[in-house]
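A.B. asks: Next comes the sequence, and after it the predicted model I'd like to discuss.
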Amino acid sequence: MNILVLMKQTFDTEEKIVLEDGKVSEEGVEFIINPYDEYAVEEAITIKEELGGEVTVISLGPDRFESSIRTALAMGADKAILVDDPDLFGDEYSVAKVLAKVIQDQSFDLILGGYVAVDNGSGQVPQRVAEILNIPFISTAVKIEVDNSKVTVHRDVEGDTEILETNLPAIITSQQGLNDPRYPSLPGIMKAKKKPLKHLSASDLEISPESVQAKTEEIDIFLPPKKEAGRILSGELGEQAKELIELLHNEAKVL
Amino acid sequence: MSKKVLVFAEGREGRLRNVSLEALSVAKLVAEGGEIAATVFGTQSSQFVDILAHHGADKVYVLDHSSLDQYLIEIYKEAFMQVVNEFKPDVILIGHTANGRDFAPKIAQALEVGMISDCTAVDLVDGKIVFTRPIYAGKAFVKKVSKDDIILATIRPNNISMGEPDSSRTAEMIELSYTPSESSLRVQIKDVLRKASKGVDLTEANIVISGGRGTKSKEGFEKLYELAELLNAAVGASRSACDEGYADYSLQVGQTGKVVTPDLYIALGISGAIQHLAGMSNSKIIVAVNKDPEAPIFQVADYGIVGDLFEVLPMLVEEVKKLKSESA
Amino acid sequence: MLYYLNFIAFLVVTAYALWVFYKVIHARITYIKLGKPEKLEKNTKARLKNILSLVIGQKKLLKDKKSGIMHVIFFYGAILVQAGTIELIIKGFVHGFELPVPYYNFFTLSQEILVGLVILAVIYATYRRYIEKLPRLQQTFRAGLVYWFLGFLMLSIVVTGGVEMVLFNEEPSVYKPLSTLFFWLFEGVSETTAYVIFYIGWWSHLLIILGYLIYLPQHKQAHEIFAIINSYLKRLHSPGKLSSIDFEDEEQEEFGVGKIEDFTQKQLIDLYACVECGRCTSMCPATASGKTLSPRELIIKLRDHLTDKGSVIAPNTVPWAPGNIFKTPRNYPIATARQEAAVATDGANALESNIGAELNLIGEVITEQEIWACTTCRNCEDQCPVSNEHVQKIIDLRRYLVLTMGEMRPEVTRTFNNIERQSNPWGINRKERINWRDEIEDVKVPTVKETDEFEYLLFVGSMGSFDNRSKKITQSLVRVLSKAGIKFAILGNDEKNSGDSVRRLGNEYLYQELAIENISNFRKYDVKKIITIDPHAYNTFKNEYPEFGLEAEVYHHTEILAKLIEEGRIKPEKEVKETITYHDSCYLGRYNDIYDAPRLILNSIPGIELKEMERNRQDAMCCGAGGGMMWLEEKEGTRINILRTEQALSCNPDTIATACPYCLTMMSDGTKAKGVEEEVNTLDVVELLEKSL
């Protein structure tokens, strides 16, 4: 069972966002494996431990991604590919195109990834890759069972669980609750230093940067108005309850 | 320049989702007089034609086929592409729901176009459609435009006003026949486990309602479920509520329990020890109800009510019921 | 003829016994040597001092007065009575032999008194074990076998003494009160009968002594040898200092202890030194709250596993002799279960197989549940009369799980990740560490960057920086210190987690990273003195950081405050009319012997009545948070903090005082769980002190 994991590095979820020259500043930021991708890495390793095979981590991003890739290798992934050529960076379309190109050179039975990344949060790349590769796709898995050439997935849909089945190879994305990612052991960390990590550029992949140019453009980044200090409602309890629900609906827009 | 806009209208449990109407209001803005079409899938879908018309649809493509009653990504993509090929839109708008966010990227890739996910605002600036969307879990926002001929975006529910319906409007209903191709049946659905009445999973829920020591008893804690059900929310608990046996440990939110980041977290009778805060402080909106005005939970809460939760809870239930009947 | 036969029989039996003794003791020494060699600190003087107090002075044993006095009698009685034994053995060949000692009468009297005392002690010991049924003692026949040995040994002395008096026509004597009793019993028997009785007594005495010699190494009585060695070899450094791992050594592939042979030789001596007295388990908070962990069972299981596995690794050794008569039944249930299963499939032959040797140390001999239940409170170590060191063993097992296997509960993973990324266990943004400072108005708290003029560096710690309740302790301390005119500064957002929890949860690698970062910060700002409210940070700074280069003086806030009160720089004047009970923090008390400073502070406050809990100072029970347990869910059994709170509540206090933010959290959670948080306050000592200023 050869498994590919699409993985991205993101800010630690606790980081504050600071803008500098109209960009999100990366200064002094703690980087982590995108938590949803981390579930995918864990799941891939668990499946490999049971069924054998190899886990390959595939990433597209700047050099700093290497630290997270090493973490994934320390957890138990076998090798990694990092496309770190800035000419190939773009939007979700670009990423999907490049990753699909990388994947086409690999032998694989299963591709895993997080259903969304906690930084950009657009959740497009795995679907796009599935479309390009023309293989089955299942998202937000909370349970994955591989049985020979078949895979059964429990998919979370707003609280309901769909039980889906498809043939391999397929792409499956993980939802929180799929597993508890492991903490890398020291021998794992040491071995990870020696595991192969291939850096690929546009020319290695024989991709012309023009062909993967972003289809969308960011024109502005801004911070939301500072979160106001909490508001303690006052008045009759009944009035407060009414006000609260209205606030949640109209102001906070969460109902 | 006027544009043809296609909106995916989604039903769930026999009702049209509000986000579909919100998308129609975006459509009205960006169409600039161009034609607006909506499409609905499934055997019950023709019932939605009128309401879609009231909210601005000029055409409604109805794909009345039982295979579309159950969402499957490949089938929905295939069916939606059929509509796209028929209508040839300039703009496609899809609600950013579990299903919408799932198949929209497939559409984008099939069309080889960009896609802007999870938009919370849409504006027209110098004839360009500018989409605003949150990044870093809402800690920042980005404005984006598409460079393609076909613009595709998903709209986050409950952020854009759906506009006043015009009940005099009508729409042309176009029925398209759809039969799933063999390749679209690559993924088979074996079963759907409907959430049990208490079953929304904590870590995945958009709304979490948690009870603490203030619920005072197992029976007291049970009272949370009525509100939870109304809001399709998961129920959580503080460590002390679990320790006291009011709630099961599987519901525990906190440092040693589950970490949750819902859009809305309602803490009832929870004082807010750091052990609890570590599990929920990244929620988007936090509501606290506690008798003790000094309780640290109020320091992280966006909205707070100082009062007895057993008094407040039924009032909230009432208000939510009212809200629901208004929006229905 | 008979005389020679007797002599030859004596030689043969004695030689055989000595040979068996050699074999079984040699086996155990071989097994100990399977462990890793350990460099022990050289300080013969200190080591001899330990022998003096622990062996000669029987110091730890006397913590339990009743059992302690009994043991003193056994110990000294058994040693001194050896003189009589030597005399008796010679009497078997030279009738009427008397040791050439001055005042012989008094010699016999003293021997008779010793015999009497030992017999009384045997009776009392039997009573304690089998009738009083002291919970910490096992009630099996085997566990009390030594009483029979000793009892009959003593009887044989006075029986032979009595019959000798008949043989030599002696008069009843006040110098031989016990023998005289038997003299009266045997008076008037024929000479032949008297000789027969004498030799029955004589042989009984010899066989009991030799039997005991063989039995000793194969049983908990081995402590008579190993406990003495252990008292000599026991660690000399602070008990608060765990061993470190040298990560520079690239040869290592495994960290911590995953197999019994991974322990050090000293740690393996501990196992054979154990006398199964149960003093450890009777004080263990994990056992008391219904966890699987029991320090005694831990040691016993390790010991039996070592013997089982040792006999496989070193196949020429003889762990049990003669035959299996002294073989102890296995003490780890999984081995018994496996054995039963094997017997069911393979028949009785499987009884002989060495199941114990095949078991995994972690998971089978010692379960992960046990390993993660220890609060590292050291109550067991403090009690142990044979100087066993339990905590390091637990940490070594955790190290194996964490570092070598990467296997731990998700809460532990989360704690490590959070500390790794944000340097606090909750994962709160590290740039918010300093925010507590904004919540106090009246006092300016500078960072080391903002002032050069500071005497103390205040190490706030993660609890004191982030936890709402603990922040109040920090704020209170800051106000009191500035009132006393103390100049101090903080590291602000440069402060890192102290690493105490991390180290005790087994993540030595992350711990060393944190220690090195903190130390380099201390150095950078030329820190000479550190003060902290956190006993855990205090302990690791004071006892563990020096190994990584820290050279500053380290103080717990109670030490400084007590000093300031004594110097008159702080004068508690306002009356605080409250009954207070003080809960000792393990890391202040048993780890660092700070019992008096907090009490001095409390006693200096007018109006306070200090009531001690039954378990206080060295015997104080843990709150349940130590050893990283603060960050783990306590699912098994009841909660330790509730037990401790109940103990505190039995003093009917108005306030439970603590000197540790972890303890405070645990005790205040405890009062909430008991529903008395309205009536009973939980405060840090400094908060009480501030009330009085």
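C.D. replies: Cool, the structure landed.
A.B. asks: So A:Val151 is in contact with A:Leu112, correct?
C.D. replies: No. The pair formed by A:Val151 and A:Leu112 falls short of the contact definition of Cβ atoms under 8 Å, at 10.5 Å. Yep, even glycine has a C-beta here, placed from its N, CA and C like the rest.
A.B. asks: Just say helix, strand or coil for A:Lys48.
C.D. replies: Look at A:Lys48: counting by DSSP: H, G, I helix; E, B strand; the rest coil, its state is helix.
A.B. asks: Quick check: which element contains the nearest residue to it once chain neighbours are set aside?
C.D. replies: In space, A:Lys48 comes closest to A:Val55 once its chain neighbours are excluded; the distance is 5.1 Å by Cβ to Cβ, 6 or more residues apart in numbering or on different chains. Secondary structure from DSSP states H and E places A:Val55 in strand A:54-60.
A.B. asks: just C:Cys277 next, same as before
C.D. replies: Secondary structure assigned from DSSP H and E places C:Cys277 in neither a helix nor a strand.
A.B. asks: separation between C:Ala314 and chain A?
C.D. replies: C:Ala314 sits at a distance of 28 Å from chain A (criterion: Cβ to the nearest Cβ, to the nearest Å).
A.B. asks: Would you confirm that that residue contacts C:Leu34?
C.D. replies: Yes. Using Cβ under 8 Å, C:Ala314 and C:Leu34 qualify as a contacting pair, with a distance of 7.2 Å.
A.B. asks: what stretches of the stretch 51-200 of chain A score poorly on pLDDT?
C.D. replies: Applying pLDDT under 70 to the stretch 51-200 of chain A picks out residues A:159.
A.B. asks: can you pull out the strands in it?
C.D. replies: The residue ranges that make up the strands of the stretch 51-200 of chain A, judged by DSSP state E, counting those that start in this stretch, are A:54-60, A:79-83, A:110-114, A:137-147, A:150-157, A:160-167, A:170-174, A:197-200.
A.B. asks: and the residue of chain A nearest chain C?
C.D. replies: Taking Cβ to the nearest Cβ as the measure, chain A has A:Ser185 as its residue closest to chain C, at 3.4 Å.
A.B. asks: which residues sit in contact with the residue nearest to that residue when sequence neighbours are not counted?
C.D. replies: Distance criterion Cβ to Cβ, 6+ apart; nearest residue to A:Ser185, sequence neighbours excluded, is C:Gly406 at 3.4 Å. Contacts for C:Gly406 were tallied using Cβ atoms under 8 Å, 6 or more residues apart in numbering or on different chains; they are A:75, A:182-185, A:188.
A.B. asks: C-terminal to the helix or strand harbouring C:Thr160, which secondary structure element comes first?
C.D. replies: With elements delineated by DSSP H and E, C:Thr160 resides in helix C:145-167, which encompasses its position. Scanning the chain past helix C:145-167 towards its C-terminal end, the next helix or strand to appear is helix C:177-186 (assignment: DSSP H and E).
A.B. asks: Packing partners of that following helix?
C.D. replies: helix C:104-126, helix C:145-167 (3 or more Cβ pairs under 8 Å, 6 or more residues apart in numbering or on different chains; DSSP states H and E).
A.B. asks: The helix or strand following that helix: which residues count as buried?
C.D. replies: Note on helix C:177-186: by DSSP H and E, the next helix or strand toward the C-terminus is helix C:191-215. Of the residues in helix C:191-215, those with enough neighbours to count as buried (16 or more other Cβ atoms under 10 Å in any protein chain shown) are C:194-195, C:197-198, C:201-206, C:208-215.
A.B. asks: relative to helix C:191-215, how tilted is the helix or strand following helix C:191-215?
C.D. replies: Beyond helix C:191-215 in the direction of the C-terminus, DSSP H and E gives the next helix or strand as helix C:223-233. Between helix C:223-233 and helix C:191-215, the angle formed by their directions is 40 degrees, by axes from the mean of the first three to the mean of the last three Cα atoms, to 10 degrees.
A.B. asks: chain center to helix C:223-233, what's the gap?
C.D. replies: In terms of Cα atoms, centre = their mean, to the nearest Å, the centre of helix C:223-233 is found 14 Å from the chain centre.
A.B. asks: Equivalent analysis for stretch C:395-413, please.
C.D. replies: If you compare the mean C-alpha spot of stretch C:395-413 with that of the full chain, they lie 23 Å apart, counting by Cα atoms, centre = their mean.
A.B. asks: what's the first-to-last distance across it?
C.D. replies: Using Cα to Cα, to the nearest Å, the span of stretch C:395-413 from its first residue to its last is 16 Å.
A.B. asks: Then stretch B:173-180?
C.D. replies: When the end residues of stretch B:173-180 are compared by Cα to Cα, they are separated by 21 Å.
A.B. asks: Spit out the contact partners of the residue of chain A found nearest chain B.
C.D. replies: Checking chain A residue by residue against chain B with Cβ to the nearest Cβ singles out A:Lys215 as nearest, at 2.8 Å. A:Lys215 makes contact with A:90-91, A:93-94, B:113-115, B:146-148 under the criterion Cβ under 8 Å, 6+ apart.
A.B. asks: And B:Phe41, how far from chain A?
C.D. replies: Plainly put, B:Phe41 is 16 Å away from chain A if you go by Cβ to the nearest Cβ.
A.B. asks: and the nearest residue to that residue once chain neighbours are set aside, what pLDDT?
C.D. replies: Nearest non-adjacent residue to B:Phe41, counting by Cβ to Cβ, 6+ apart: B:Leu68, 3.9 Å away. Predicted confidence (pLDDT) for B:Leu68: 92.
A.B. asks: Tell me how many other residues crowd B:Leu68.
C.D. replies: By other Cβ atoms under 10 Å in any protein chain shown, the residues close to B:Leu68 number 20.
A.B. asks: wouldn't C:Asn6 be in contact with C:Lys91 here?
C.D. replies: No. Using Cβ under 8 Å, C:Asn6 and C:Lys91 do not qualify as a contacting pair, with a distance of 11.9 Å.
A.B. asks: Settle it for me: which of those two has more neighbours?
C.D. replies: Neighbours around C:Asn6 and C:Lys91, counted as other Cβ under 10 Å, are more numerous at C:Lys91. The numbers are 18 against 15.
A.B. asks: what residues are up against the more buried one?
C.D. replies: Counted by Cβ under 8 Å, 6+ apart, C:Lys91 has contacts C:97, C:160, C:164, C:202.
A.B. asks: And it, how close does it get to chain A?
C.D. replies: Counting by Cβ to the nearest Cβ, the separation of C:Lys91 from chain A is 66 Å.
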